[in-house]
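Enquirer: I'd like to go over a predicted model; first the sequence, then the structure.
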Amino acid sequence: MPAHRPPDLGIVDALAQLSFRVQGELGKIAAEHGLSIIQLRLFGILRDRTPAMLELARYLELDKSSMTGLVHRAERRGLVQRSPAPHDGRVTQVSLTPQGLDLVRECEAEVGRRIHALASVLTGPQRSQLARLATILVGNPGQDLTPPR
């Protein structure tokens, strides 16, 4: 007997509901490690780069004071450190501490497990196709999605 196939939700509902599922899993992982989702996003950025505070604020779409508070809280926990940028001592960069890197690796592994579990109902070729399509959709972060008035 063929597997039950849910009705097609359409592009809007399908992507919105998938986003909710993924955000829900990220929220659970963050909470399990005493983090907020925005902190988890911060660590996701810092795992492979050392951006300036203003760059981080742009990535996370936060104002300067919110960014400063976010980094300060992570710094108090010993997860990140601030340092002057080598090219301009007036610029402050943020990087993970060894403790922060350990936490990022734990979270990254758990995110991987949960996303793979979510996608486990797909065949290998379907997972590859989904990855390619999602890469196209997220590949243009500067794209203005606001409809014209």
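Expert: Thanks, I have it.
Enquirer: For the rest of this, base every contact and every neighbour count on C-alpha atoms.
Expert: Fine.
Enquirer: Could you name the specific helix or strand carrying the residue nearest to the spatial centre of the chain?
Expert: Geometric centre of the chain, nearest residue: Arg41, 4.1 Å, by CA atoms, centre = their mean. Assessed by DSSP states H and E, Arg41 sits inside helix 37-46.
Enquirer: chain center to that helix, what's the gap?
Expert: Distance of helix 37-46 from its chain centroid, counting by CA atoms, centre = their mean, to the nearest Å, is 6 Å.
Enquirer: can you give me the strands in the chain?
Expert: Secondary structure of the chain (DSSP state E): strands at 80-85, 88-96.
Enquirer: Scan the chain for its longest helix.
Expert: What stands out as the longest helix in the chain, according to DSSP state H, is helix 10-32.
Enquirer: Buried residues, that one. List them.
Expert: Val22, Glu25, Leu26, Gly27, Lys28, Ile29, Ala30 (16 or more other CA atoms under 10 Å).
Enquirer: quick one on the thing from earlier: who's in contact with the helix holding Arg41?
Expert: Contact with helix 37-46 is made by 26-27, 30, 56, 60, 70, 74, 94-96, 100, 104, 108, as judged by CA atoms under 8 Å, 6 or more residues apart in numbering.
Enquirer: from the residues you listed, which single one is nearest Arg114?
Expert: Leu26 (8.9 Å; CA to CA).
Enquirer: Report the contact partners of that closest one.
Expert: Contacts of Leu26 (CA under 8 Å, 6+ apart): Ile37, Leu40, Val111.
Enquirer: between these, which has the most around it?
Expert: Leu40 (22 neighbours; other CA atoms under 10 Å).
Enquirer: Please read off the pLDDT at that one from the model.
Expert: Note for Leu40: predicted pLDDT of 94.
Enquirer: And the one 5 residues further on, by the same measure?
Expert: Listed pLDDT for Ile45 reads 92.
Enquirer: Quick check: the gap between it and Arg58.
Expert: 11 Å (CA to CA, to the nearest Å).
Enquirer: Between the two, point out the one with more neighbours.
Expert: Ile45 (16 against 12).
Enquirer: re earlier: so for Ser65, which of the strands of the chain sits nearest?
Expert: Ranking the strands of the chain by their distance to Ser65 (criterion: CA to CA) puts strand 88-96 first, at 14.1 Å.
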